[in-house]
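> Pasting the sequence and the predicted model now:
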Amino acid sequence: MKEKAKDYKINPKKNLVSNLKRRKLYIKGILIILFTTSLFFITIQKVETERINVKIGDRAPLEIRATKDIVDKQATEKLKQEAANRVQPRYRISPSVQMNMKTIIKEFFDKVRTLKAYDSMSLSKKVDLMIEESRMPLSRSEYQIALRMDEKELNDFESLINDIVNQIMGAGIKEEELEYEKENVRKIFETLDLDSNKKELGVSLINSIIQPNEFIDEEATQRRIDEEVEKVEPVIIKEHQIIVRKGDIIDANNLELIKETGLLKEKEGYDSRTVLGIIILVVLLETLILGHIYNFNLEIMGDNRFIILLLIVMAILLISQGMHNISPFIMPVSTVAFLIAILLDVRLALIVNVFMVFLLSFILKLDDTLVAMYLISGSIGAFLATRPQQRYNIFVHGLIVGITNVLVILSFGLIKKLELMDILIRSGYGIINGIFCAILTIGSLPIWENVFEILTPLKLMELSNPNQPLLKRLLVEAPGTYHHSIIVGNLSERAAEVIGADPLISRIGAYYHDIGKLTRPYFFKENQIGTDNPHDKLTPNMSTLIITNHVKDGIELGKNNKLPKEIIDIIAQHHGDTVVFYFYHKAKQNGQADANIEDYRYEGPKPQTKEAAIVMLADSTEAAIRAIKEPNRRNIEDTVRKIIKGKLEDGQLEECGLSIKDLKDIANAFASVMLGIFHERIEYPNLDLKEEEGKA
């Protein structure tokens, strides 16, 4: 057997983990450490350098603005105090005071009636007893007036006193109103139709016992104060609003506000707690990404794609910080989602977008509107950019991201009741953001594709252009091979779709799989139109060498024209180590009894991927069906199955990962495509057009 090509090796996925361990994993570890260190210093520099070292009494070294919306506690407290001071005290009337007064009045009149019943007791003695026992501080003459009243007068006078007490006390008397009410009692009696003695007695009776009965209700008053204080809106210092102008004296309130914004540097050097907190934060965020890669994208750790991931994140992080100085609404965060979705994986793009938004929101103190905008637009950008057909599609996707930004800005603007002009300005920035992300993606994509040799759908679509130099040469110099490759591409794409392989790689690989035939195009049957077969003049061994060398020639052409490695892999593997049976049998027929079948094999390797195996099967299927004399359904289906069975039995499909079910699905896909090519046509009658026109 010929020595297998040694410059061509592809590691099977099943050996990925062991291969990673053998391939300088320490380099990836160093990269992660460098990336972590860079993120740490970017973060801590942004956090620490913005802090200001000032104290009460200092002059502000620069104009200090709020980094976020904060509450001016001192101004708010002042407004609350003013609101509390405006509240009038709430009063309540104590019924016990009035009841106590009535009790004293009743005792007085009862005592008078009792003493009046003692006819044998002198008036003077009765007065003495009243002075001793009554709680009324009246004069002797006033007691005598009461004792001289007859029963009816006494009852009427008691009723009058009670009525006046009810009238005065019912309205309530405050402490400061007591003297006024006493004077009011005198005025009331002056208006009554009574003799002067009774008037004087009534005034003395009431004024001697009258007391305040209306007191401040502490609980009700406090409830009212609380209600009014609650209505006071906090004084908000808006983001970017000036706290202290340059040169102003820092007072206690200014210092508290600066501290509240996180701008106050309370001690020299890096705060150890800040350092530890940032380290933990960065490590946790990186763990999120690395954990996702370990579980879903482990293969990128073995090639340049991991470096691309780190570089993209770092580049966009730095660009975003610079753009933040212009406006926080035009940071190209969605570029990360675009690039990683195109170059790596859409799920990884979503995770990294979350990583970027969270880190930037921490570093730059982004508000909820910006966080929501970048999370939503970045996620939509990742989904849109999964399989762009042309580069201009990315620009369209950028516009969609911009429109998404506008919708998020509009929604938060309505919720927060922002001014219409603010919403319009922010929306304009949102549109610019989407376009800027698209331009940055389109502009940087060729760098990632070419410098790091990353195959993207866009690169594949460009390779499918018939104006590509190799395809153009194939069309002109080997037209039979060109048309054969187009059909093989259609077969491969359809088969890849039904088994879940990559249809684009399969189709483009099929387009280029036979470019090696450009070296000697007329040595291949499909290009021998109207010419002699040059193999008739060559020995079978020489013919075999020429035929099998088209694989080597294809690899060389592919490398010279900078075809992606995945396409060159398909060129190298599309024949595996199969036998060129035609020339082997020809050698036998020519009497070469010692002809060794191993000398008539391709050098290989066998297909290592599903896409390469599909192209191998499609290549053999197209050639075999083209040779069928009657390409009907039965013959086509039998031929397809025969080709696939032959490759399977020859061991060509041992290393590509195709299952038996996959092979059945591929056979059905091939048959449906070929039946579409060789469909039955209507047989038109042979008519003389001029003769038919004459008859008409």
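Arrived safely, thanks for sending.
> How about the contacts made by residue 239?
66-69, 367 (CB atoms under 8 Å, 6 or more residues apart in numbering). Yep, even glycine has a C-beta here, placed from its N, CA and C like the rest.
> helix, strand or coil for it?
Here residue 239 is recorded as coil under DSSP: H, G, I helix; E, B strand; the rest coil.
> List the residues that contact the residue nearest the centre of the chain.
Residue closest to the mean C-alpha point of the chain, counted by CA atoms, centre = their mean, is residue 375 at 2.2 Å. When contacts are counted by CB under 8 Å, 6+ apart, residue 375 touches 353-354, 357.
> Give me the phi and psi angles of it.
Here is the backbone geometry of residue 375 (degrees, to the nearest 10): phi -70, psi -50.
> follow-up on the earlier one: just give me the least confident of the contacts of residue 239.
pLDDT across those is lowest for residue 67, at 68.
> Where does the prediction get shaky in the chain?
The chain contains residues with pLDDT under 70 at 1-25, 47-54, 67, 262-271, 387-389, 593, 679-696.
> quick one on the thing from earlier: in JSON lines: the contacts of residue 239, plus distance to residue 199.
Listed next are the contacts of residue 239 as JSON lines, based on distance: CB to CB, whole Å:
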{"residue": "66", "distance to residue 199": "74"}
{"residue": "67", "distance to residue 199": "79"}
{"residue": "68", "distance to residue 199": "76"}
{"residue": "69", "distance to residue 199": "72"}
{"residue": "367", "distance to residue 199": "79"}
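> Next, give phi and psi for residue 244.
When read as degrees, to the nearest 10, the backbone of residue 244 gives phi -140, psi 130.
> Residue 60 is in contact with that one, correct?
Yes: using CB atoms under 8 Å, residue 244 is in contact with residue 60, at 4.3 Å.
> Go through the contacts of residue 375 and name the one nearest residue 397.
Residue 397 lies nearest to residue 353 out of the contacts of residue 375, by CB to CB, at 14.2 Å.
> If you tally nearby residues, what's the number for the closest residue to the closest one other than its chain neighbours?
Excluding its sequence neighbours, the residue lying closest to residue 353 (CB to CB, 6 or more residues apart in numbering) is residue 378, at 3.7 Å. For residue 378, the count of nearby residues is 26 (other CB atoms under 10 Å).
> Pull out the buried residues from the host helix or strand of residue 378.
Assigned by DSSP states H and E, residue 378 belongs to helix 368-384. Neighbour-count burial for helix 368-384 flags 369-370, 372-382, 384 (criterion: 16 or more other CB atoms under 10 Å).
> can you put the residues you listed in JSON lines and add distance to residue 297?
Shown next, in JSON lines, are the buried residues of helix 368-384 (distance: CB to CB, whole Å):
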{"residue": "369", "distance to residue 297": "32"}
{"residue": "370", "distance to residue 297": "28"}
{"residue": "372", "distance to residue 297": "27"}
{"residue": "373", "distance to residue 297": "27"}
{"residue": "374", "distance to residue 297": "22"}
{"residue": "375", "distance to residue 297": "21"}
{"residue": "376", "distance to residue 297": "23"}
{"residue": "377", "distance to residue 297": "23"}
{"residue": "378", "distance to residue 297": "18"}
{"residue": "379", "distance to residue 297": "18"}
{"residue": "380", "distance to residue 297": "21"}
{"residue": "381", "distance to residue 297": "19"}
{"residue": "382", "distance to residue 297": "14"}
{"residue": "384", "distance to residue 297": "20"}
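> Which pair of those residues spans the longest distance?
Longest span within the buried residues of helix 368-384, CB to CB: 369 and 384, 22.0 Å.
> follow-up on the earlier one: from the contacts of residue 375, which ones fall inside helices?
Under the assignment DSSP state H, those contribute 353-354, 357 to helices.
> closest to residue 615 among those residues?
Closest approach to residue 615 among the ones in helices among the contacts of residue 375 (CB to CB): residue 353, at 35.2 Å.
> so what are the domain limits for this structure?
The chain is divided into the following domains under automatic domain parsing: 59-72+237-260, 91-216, 271-454, 460-677.
> What's the end-to-end length of the shortest one?
Which is domain 59-72+237-260. 19 Å (CA to CA, to the nearest Å).
> please renumber so the chain begins at 55
Shifting the count to begin at 55 puts that one at domain 113-126+291-314.
> Tell me how far the residue nearest to residue 259 when sequence neighbours are not counted lies from residue 208.
Spatially, and ignoring its direct neighbours in sequence, residue 259 is nearest to residue 215 (5.8 Å; CB to CB, 6+ apart). Using CB to CB, to the nearest Å, one gets 11 Å for the distance from residue 215 to residue 208.
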